[in-house]
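# Fold the following, please.
(one chain, ligands or ions: 1)
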Amino acid sequence: MTETATVRPGLGAPPPDDVLVEVRNLRTYFKVMDGTVPAVDDISFSLGRGQTLGIVGESGSGKSVTALTIMRLLDIPPAEIGAGSEIWFDGKEVLSMPEKEMRHLRGNEMAMIFQEPLTSLNPVFTVGDQIAEQVKLHMKVKDREARDRAIEMLRLVGIPSPERRAKQYPHELSGGMRQRVVIGMALSCEPKLLIADEPTTALDVTVQAQILELLKAIQQRTGAALMLITHDLGVVAEMVDNVVVMYAGQIVEQGTVEEVLVEPRMPYTMGLIESIPTVEKRGGRLSAIQGVVPSPFHLPPACRFEPRCPYRWETCREVAPELYPSGPSGRVARCHLHLAEATARRDAAIAQHQQNLTMGRRLSGAPDRIGNA
Ligand code: SF4
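Just a heads-up that it's a prediction; the model follows:
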């Protein structure tokens, strides 16, 4: 976002103090030659201090645009934020914040880790210099102190011989080590919020596990809140407290990780869980959600998942589902199966889901929490 924002009239009240991030009715659009793309369409969620929230969905669901909007890293235009959108961070409304204040917030109080560490690191500077530069910029300290801090961060993220590694360039490190450097850089100013966008997708499986362990350990040590964006439900099961499932720009299910992964109440989430490849399924046919995510230019008129949903009926083609309550403690699902008159359909869908899970419910190493009902 490049323009200076002004305080907008009609803002709601700030969230309670234990809530670090609250997103309210966020709409992010892109104006392109072919029309307007509703990348994020009226989503609301919150993240408590020190907690972990997972944002899950296929490519094109709006996960990364949500993160970039929170960080105000989108160029406006072509991006546009819809009227009535609010993003609260630590008691301040981010979308109304002047750019200068926002620059201070980014890196100091909120930081982001991207999927591919090579795109976050500058190839012509040593990794130590890059971390030190970030520290100098945000913490206003002298060169020596910034260098020491860079080495301390490399040590914190588990890089052996940090004094030596600090003098190396990104191409001299392995993919796992580069991601550790990026995490170290993000943590160097002790942010209150860490947004990790598919932080392990570009890494080998063994390195993935190490990076996730590292994120968990650092979170416990620093008390930072973590927003983890991923398409990997195994990662979600391991790492998060609450889950937001997104599809075609909307939130389609939201609740605690136990609620959503063990007893999903929206067919898209059911399909994602059934699609997890497991050791027990080896040699058998892998489940998949039929069809593809709809083009944002041709969204289905009512339920956006309707063309792919095995439980659809006429209402799903005619009426857009709202987020219906689907359990205690604010749990919601965007699905007409939660209409009172659809109880029999809902019970049949849940029974079918359970049946689909009879074989191989767990990713090795991921989960007592997935699909063991
Ligand atoms: S509203 Fe209908 S089509 Fe959409 S997810 Fe629910 S059952 Fe499927």
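# do stretch 327-346 and the ligand meet?
Yes - using C-beta under 6 Å from any ligand atom, stretch 327-346 reaches the ligand at 335-337. Every C-beta, even on glycine, is put in place using the N, C-alpha and C of the backbone.
# Give me the residues contacting that stretch.
250-256, 259-260, 263, 265-267, 269, 303, 311, 313, 315-316, 319, 321-326, 349 (C-beta atoms under 8 Å, 6 or more residues apart in numbering).
# With adjacent residues omitted, what lies nearest to residue 240?
Distance criterion C-beta to C-beta, 6 or more residues apart in numbering; nearest residue to residue 240, sequence neighbours excluded, is residue 54 at 3.7 Å.
# in what helix or strand does that neighbour lie?
Taking DSSP states H and E as the definition, residue 54 sits inside strand 52-56.
# ok, residue 199 touching residue 113?
Yes - Residue 199 is within contact range of residue 113, at 4.9 Å (criterion: C-beta atoms under 8 Å).
# can you list residues touching both of the two?
Counting by C-beta under 8 Å, 6+ apart, the shared contacts of residue 199 and residue 113 are 179, 183.
# out of those two, which sits in the more crowded spot?
Neighbour totals were compared for residue 199 and residue 113, and residue 199 leads with 29 against 24 (other C-beta atoms under 10 Å).
# Name the SS class of that one, please.
Three-state assignment for residue 199 (DSSP: H, G, I helix; E, B strand; the rest coil): coil.
# got the phi/psi numbers for it?
Note on residue 199: backbone dihedrals following degrees, to the nearest 10 are phi -70, psi -10.
# For the helix-or-strand element of the chain with minimal mean pLDDT, list the C-alpha coordinates in CSV.
The helix or strand of the chain with the poorest confidence is helix 117-120; it has a mean of 72 (mean pLDDT, DSSP states H and E). Output of helix 117-120 as CSV, limited to C-alpha atoms (Å, rounded to 0.1, in the frame of the first residue of the first chain):
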residue,chain,number,x,y,z
PRO,A,117,13.6,-18.0,1.3
LEU,A,118,15.6,-17.1,-1.8
THR,A,119,13.1,-14.5,-2.8
SER,A,120,13.3,-12.9,0.7
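# helices or strands up against that helix?
Here helix 117-120 touches helix 175-187, going by 3 or more C-beta pairs under 8 Å, 6 or more residues apart in numbering; DSSP states H and E.
# contacts for the helix it packs on?
111-114, 117-118, 120-121, 127, 130-131, 134, 150, 153-154, 156-159, 165, 170, 173, 194, 199-200, 202-204, 207, 210-211, 214-215, 218, 222, 224.
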